[in-house]
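S.K.: Could you work out the structure for the sequence below:
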Amino acid sequence: MGMYCLRALIPVHTAGAGEIMEILWSDYYGAVLFGEGREIACIPHKGCRLEVVATGPTSHREVNFLLPGQVIRYTRSFFFVDRFELPSGAKVGLWHLVGFKLQLAPSMLAPIEDLMVGRPARRVSDRVTVG
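M.R.: The predicted structure is shown next:
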């Protein structure tokens, strides 16, 4: 969770799947990620993938190339607070994304895991030789 989640005086919740979050500027907190309920939405964990739903005006050259539907990755560092890795590989701060709307992107591994769960491993005696 980002630093803005730890020092907030207004209600905070962990962002859920399908929730559209907007990045707004606050004179007190700086750039803050707000959820649909106008509460501060905290990103659940490092490595989350966020889909761009809507873009806003920005002065960062790489961020200007983002389009709705593209996916960015959230990374957290002790020294640099919240960082987002763009598809181009550039890393930007939350303040560069003010005015953007984001949503948690589904994990690419989830469908594979769903197929594997509950499926017993094959034994040697179950294998069929083709020849």
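S.K.: so what's the nearest residue to Glu36 once chain neighbours are set aside up against?
M.R.: Nearest-residue entry for Glu36: Glu19, 5.6 Å, with adjacent residues in sequence omitted and distances by Cβ to Cβ, 6 or more residues apart in numbering. No exception for glycine: its C-beta is placed from N, CA and C like everyone else's. If you count contacts by Cβ atoms under 8 Å, 6 or more residues apart in numbering, Glu19 has them with 35-36, 41, 103-104.
S.K.: Neighbours of the residue nearest to Leu104 when sequence neighbours are not counted, how many?
M.R.: On the basis of Cβ to Cβ, 6+ apart, the spatially nearest residue to Leu104 that is not a chain neighbour turns out to be Ala17, at 5.4 Å. Around Ala17 sit 10 other residues, with neighbours defined as other Cβ atoms under 10 Å.
S.K.: roughly how far apart are Ala17 and Ala105?
M.R.: In this view, Ala17 and Ala105 are 9 Å apart by Cβ to Cβ, to the nearest Å.
S.K.: Just the helices from the protein, written as ranges.
M.R.: All helices of the chain, identified by DSSP state H, fall at 3-6, 110-116.
S.K.: Just give me the lowest mean pLDDT stretch among those.
M.R.: Set side by side, these show their lowest mean pLDDT on helix 110-116, which sits at a mean of 50.
S.K.: Just the pLDDT for the spatially most central residue of the chain.
M.R.: Within the chain, the residue whose C-alpha comes closest to the C-alpha centroid is Leu50; the distance, by Cα atoms, centre = their mean, is 3.3 Å. Confidence per residue is given as pLDDT, and for Leu50 that number is 90.
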